[in-house]
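coords below, sequence missing:
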């Protein structure tokens, strides 16, 4: 009887020891200070590096921030941005390097500060401000998921060195097989390995701040174009550009550049047969596009405006005509 009890308790202790080791390893992986974590982590962890956050021009307590994180966006672009901005700011407060997204965080606060009162602001993703919110949040998603931090592009995984299972059935005797060696590793070290052939691709869309030979800057992020890219002959400061590219450089020095793969200048139309360029200034309807340019943004904005003005004039004419009679 004593031998059976001894074997049972020994098996139980070994099983508990392995379970505790894996649990400690999981906590270590979650608290790894080298990799950012997303909004889901901050929504479910009680330990925050700060007790309040400023979003835009407003200060929110931890409870208020948690309410925002648990509020589905439901088509509100201000919440789409706020969720990612919260996660990014908490990652920075935790001690992570934010060099690559510092400008994006600043811009996010600036656009939120243009609204009065407190979040949410009920902004449709389809309008101009909503598109800015979504574009900024897209970059912050890449940061919060570790795609802009070298060595963090994939989530950490734990592989226990041994697995112990206990099954209890009536009249069963717990035994330990001499041939099976149970090894318990004191620490579990998570490893993040990028899969070959699957480079990290991030999307940036915003106004060009600066141009230096073949490097353009958007939201303080440097984007390198090929030396012979024809867009370099067209692009200007202030143009709205959509970039898809791969990050390269050193996170330690903060010297990270996005190598552009796909480039689209949103407010510019080019006639490939003649090389003629038309640029939408986005501020007025005084510069109509030539017949060959689709210019969907200008036509949607200005042709609809002309139709509304015509309808308004016709309405006034009818009103005045009726009055004259």
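Great, that's in hand. Remember, predicted model here, so these are calculated numbers, not experimental data.

Please enumerate the strands of the stretch 101-250 of the chain.
Using DSSP state E, counting those that start in this stretch, the strands of the stretch 101-250 of the chain run over 202-207, 210-212, 215-218, 221-224, 240-250.

Please, which helix or strand holds residue 66?
Using DSSP states H and E, residue 66 falls within helix 62-69.

Give me the buried positions along that helix.
Buried residues in helix 62-69, defined by neighbour count with 16 or more other Cβ atoms under 10 Å: 64, 65, 66, 68, 69. Yep, even glycine has a C-beta here, placed from its N, CA and C like the rest.

same question, stretch 38-56
Neighbour counts using 16+ other Cβ under 10 Å place 38, 39, 42, 53, 55, 56 of stretch 38-56 among the buried residues.

what mean pLDDT does that stretch have?
Across stretch 38-56, the average pLDDT comes to 94.

which stretches of the stretch 101-250 of the chain form helices?
For the stretch 101-250 of the chain, the helices defined by DSSP state H, counting those that start in this stretch cover 102-113, 128-144.

got a list of contacts for the last one?
When contacts are defined by Cβ atoms under 8 Å, 6 or more residues apart in numbering, helix 128-144 is touched by residues 36-39, 77-78, 80-81, 83-85, 87-88, 91, 98, 100-101, 104-105, 107-108, 111, 114, 123-125, 148-149, 200, 202-206, 219, 221.

what does the first one give?
Contacts of helix 102-113 from elsewhere in the structure, counted by Cβ under 8 Å, 6+ apart, are 54-58, 78, 81-82, 85, 88-89, 92, 98, 119, 121, 129, 132-133, 136-137, 139-140, 143, 206, 219-221.

The residues you listed, buried ones only, as a PyMOL selection?
With 16+ other Cβ under 10 Å as the criterion, this PyMOL line picks the buried residues out of those:
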select buried, resi 55+56+58+78+81+82+85+88+89+92+98+119+121+129+132+133+136+137+139+140+143+206+219+220+221
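
before we move on, back to that, of all the strands of the stretch 101-250 of the chain, which one is nearest residue 272?
Proximity to residue 272 (Cβ to Cβ) singles out strand 240-250 among the strands of the stretch 101-250 of the chain, at 18.6 Å.

That closest one: which residues count as buried?
Buried-residue list, strand 240-250, by 16+ other Cβ under 10 Å: 240, 241, 243, 245, 247, 249.

Just the buried ones out of the contacts of helix 128-144, please.
Judged by 16+ other Cβ under 10 Å, buried ones among these: 36-39, 77-78, 80-81, 83-85, 87-88, 91, 98, 100-101, 104-105, 107-108, 111, 123, 125, 148-149, 200, 202, 204-206, 219, 221.

Where does the prediction get shaky in the stretch 51-200 of the chain?
Within the stretch 51-200 of the chain, the stretches with pLDDT under 70 are 153-200.

tell me the contacts of residue 85?
55, 105, 108, 109, 112, 136, 137, 140.

what do you get if the cut-off is 10 Å, keeping everything else the same?
Listed by Cβ atoms under 10 Å, 6 or more residues apart in numbering, the contact set of residue 85 reads 39, 53, 55-56, 68, 101, 104-105, 108-109, 112, 133, 136-137, 140, 144.

next one: residue 226
214, 232, 259, 260, 261, 263.

Adding neighbour count and pLDDT, write the residues you listed out as JSON lines.
Listed next are the contacts of residue 226 as JSON lines, based on neighbours: other Cβ atoms under 10 Å; pLDDT from 0 to 100:
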{"residue": "214", "neighbour count": "15", "pLDDT": "94"}
{"residue": "232", "neighbour count": "16", "pLDDT": "93"}
{"residue": "259", "neighbour count": "15", "pLDDT": "90"}
{"residue": "260", "neighbour count": "21", "pLDDT": "91"}
{"residue": "261", "neighbour count": "12", "pLDDT": "91"}
{"residue": "263", "neighbour count": "19", "pLDDT": "92"}
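
just the contacts of residue 85 now: which is nearest residue 285?
Nearest to residue 285 among the contacts of residue 85, with distances taken as Cβ to Cβ, is residue 133, at 25.1 Å.

From residue 89, how far off is the closest one?
16 Å (Cβ to Cβ, to the nearest Å).
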